[in-house]
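Novice: With the input below, show me the fold.
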Amino acid sequence: MGLQISATNPEHPALLLELPWDLPLEQWPEEYLVPLPRGISRHVVRYARAGDEVIAVKELAERPALREYELLRDLDRLGIPAVDALAVVTGRADRAGGPLEPVLITRHLGGSMPYRSMFETTLRPATMHRLMDALAVLLVRLHLTGFAWGDCSLSNTLFRRDAGAYAAYLVDAETGELHPRLSNGQREYDLDLARVNISGELLDLEASGALHPSVDPIEFGTEICARYRGLWQELTRTSVYPAGKYHYIERRIRRLNDLGFDVAEMQIEHSSTGDTVTFVPKVVDAGHHQRQLLRLTGLDTEENQARRLLNDLESWIATQDDYAPGDDQLAARPEVLAHRWVREVFRPTVRAVPRELRGAMDPAELYHQLLEHRWYLSERAQHDIGLDTAVEDYVRSILPKAREPLRPLPD
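Specialist: Residues are numbered from 1 along each chain as shown. This is a model prediction of the structure:
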């Protein structure tokens, strides 16, 4: 059987045919490859160009390749942060006709880093705590959808900056299983694997001298468990309130929103005596602020970026002449004002930063950085210095000195 390409997009097979499938991945010429940092993998992985796309190509046996391809597509349908599955290539043979391993192809996650690249500069403990937070959120989101990872680790995760925090993305779904619902035992098994894997990876970094001297690998491995359990408890716990105190339920929902989650379905029951009300969030979806920002502006960002942009948007709207809350005849619709903010504030601000200085920062992260710089300069000056002045100073004094760990993609 000859070369076969199973792809999610009808345009991809034609682009992928140009790659040297008759060579083992380790022997691919440099002209096809993109020099991006790679994490540790049990398989051979390379980054390559396919038209305008940067793709990750991983060699593995046909059955696990097809299985992981389908699992990644399932996670995409469920809205879980994971790399996008693009294609599986089977039927490969070398120039002598000998069989070569199939490959799984995923889209490179722009602006992302494997954890070992991040540790090249010896991360501070505070930054490592943020990585544990991001990984805990990812694992909770997977478990809420019924996905048992089976190999949660730093090596199987990519991280993107998210307005002072990080967002974690699943990279390797080879050992995963999707169920209607996970038992407590399945969740605890995943969590224990995460603890052991993370401690082992940090011990390896410690041995190489890349770990901050104040970091205890065993304690940080245990930390993922504590952060996971705290978040899981908040998202799933049963609350009992006095009858008539329905604002307590609203307060609980607002707290979940503040954590970045929406309650899509809930269960509310009155006690037999009528004295109390029991509230249980039945279905919880992540991405509360992402969805809100996307609905208002069309901007698709990470969760913390969305939260920050929404705060700036609300502050800007309050200064507009046609913002008249409570007067439907005078007030412009929120969507109209939001799109005006994108057109008049967000896009001009981002474009004021030369593209060659942005590195791999996406527009939302760049705008967050500019807001942070504006706050810093305003605190120092004891008055608001304005966004234009902040942009000028950021371009002049910050970007030229920055050592950008998220390198831009090569042309």
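
Novice: For the stretch 201-350 of the chain, which segments are assigned as strands?
Specialist: Here the stretch 201-350 of the chain has its strands, by DSSP state E, counting those that start in this stretch, at 239-242, 261-270, 276-286.

Novice: For the shortest one, name the packing helices and strands.
Specialist: Strand 239-242 makes packing contacts with helix 246-258, strand 276-286 when contacts are defined by 3 or more C-beta pairs under 8 Å, 6 or more residues apart in numbering; DSSP states H and E. For every residue, glycine as well, the C-beta is placed using N, CA and C.

Novice: Ok, the second one next?
Specialist: When contacts are defined as 3+ C-beta pairs under 8 Å, 6+ apart, strand 261-270 sits against helix 246-258, strand 276-286, helix 288-297.

Novice: what do you get if the cut-off is 10 Å, keeping everything else the same?
Specialist: Packing partners of strand 261-270 (3 or more C-beta pairs under 10 Å, 6 or more residues apart in numbering; DSSP states H and E): helix 125-144, helix 217-236, helix 246-258, strand 276-286, helix 288-297.

Novice: avg pLDDT for the last one?
Specialist: Averaged across helix 288-297, the pLDDT comes to 92.

Novice: now the third one
Specialist: Predicted confidence along helix 246-258 averages 88 (mean pLDDT).

Novice: Quick one: list the elements packing against it.
Specialist: helix 217-236, strand 239-242, strand 261-270, strand 276-286, helix 288-297.

Novice: send the alpha carbons of the first one over as PDB?
Specialist: Provided in PDB are the C-alpha atoms of helix 217-236 (Å, rounded to 0.1, in the frame of the first residue of the first chain):
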ATOM      1  CA  PRO A 217      11.700  18.800  43.600                       C
ATOM      2  CA  ILE A 218       9.600  16.600  46.000                       C
ATOM      3  CA  GLU A 219       7.700  19.500  47.400                       C
ATOM      4  CA  PHE A 220       6.900  20.900  44.000                       C
ATOM      5  CA  GLY A 221       5.700  17.500  42.800                       C
ATOM      6  CA  THR A 222       3.400  17.400  45.800                       C
ATOM      7  CA  GLU A 223       2.200  21.000  45.200                       C
ATOM      8  CA  ILE A 224       0.400  19.900  42.000                       C
ATOM      9  CA  CYS A 225      -1.800  17.700  44.100                       C
ATOM     10  CA  ALA A 226      -2.700  20.400  46.600                       C
ATOM     11  CA  ARG A 227      -3.500  22.900  43.800                       C
ATOM     12  CA  TYR A 228      -5.600  20.400  41.900                       C
ATOM     13  CA  ARG A 229      -7.600  19.300  44.900                       C
ATOM     14  CA  GLY A 230      -8.300  22.900  46.000                       C
ATOM     15  CA  LEU A 231      -9.600  23.800  42.500                       C
ATOM     16  CA  TRP A 232     -11.600  20.600  42.100                       C
ATOM     17  CA  GLN A 233     -13.200  21.100  45.500                       C
ATOM     18  CA  GLU A 234     -14.200  24.700  44.600                       C
ATOM     19  CA  LEU A 235     -15.700  23.600  41.200                       C
ATOM     20  CA  THR A 236     -17.600  20.500  42.400                       C
END
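
Novice: what comes up buried for it?
Specialist: The neighbour-count check on helix 217-236 (16 or more other C-beta atoms under 10 Å) flags 217, 220-221, 223-225, 227-228, 231-232, 234-235 as buried.

Novice: Nearest to P281 among those residues?
Specialist: Taking C-beta to C-beta as the measure, L235 is the one of the buried residues of helix 217-236 closest to P281, at 6.7 Å.

Novice: For A167, see how far away that closest one is.
Specialist: According to C-beta to C-beta, to the nearest Å, L235 and A167 sit 18 Å apart.

Novice: related to what we said a few turns ago, among the strands of the stretch 201-350 of the chain, which is nearest R340?
Specialist: Shortest distance between R340 and those, using C-beta to C-beta, is found for strand 261-270: 26.3 Å.

Novice: count of residues packed around N9?
Specialist: For N9, the count of nearby residues is 11 (other C-beta atoms under 10 Å).

Novice: Let me see the contact set for it.
Specialist: Contacts for N9 (C-beta atoms under 10 Å, 6 or more residues apart in numbering) come out as 15, 53, 84, 86-87.

Novice: make it 7 Å
Specialist: N9 makes contacts with L86, as judged by C-beta atoms under 7 Å, 6 or more residues apart in numbering.

Novice: now do M266
Specialist: So M266 contacts 279-282 (C-beta under 7 Å, 6+ apart).

Novice: Any chance of a ChimeraX selection covering the buried ones in these?
Specialist: To isolate the buried ones among the contacts of M266 in ChimeraX, judged by 16+ other C-beta under 10 Å, type:
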select :279,281
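
Novice: Let me see the backbone angles for L86.
Specialist: Main-chain torsions, L86, degrees, to the nearest 10: phi -110, psi -40.

Novice: pLDDT wise, what is the residue nearest to it when sequence neighbours are not counted at?
Specialist: Of all residues not flanking L86 in the chain, I105 sits nearest, at 4.7 Å (C-beta to C-beta, 6 or more residues apart in numbering). Here, the pLDDT recorded for I105 equals 95.

Novice: what's the burial count for I105?
Specialist: The tally of other residues near I105 (other C-beta under 10 Å) stands at 26.

Novice: give me the low-pLDDT residue ranges for the stretch 101-250 of the chain?
Specialist: 120-122 (pLDDT under 70).
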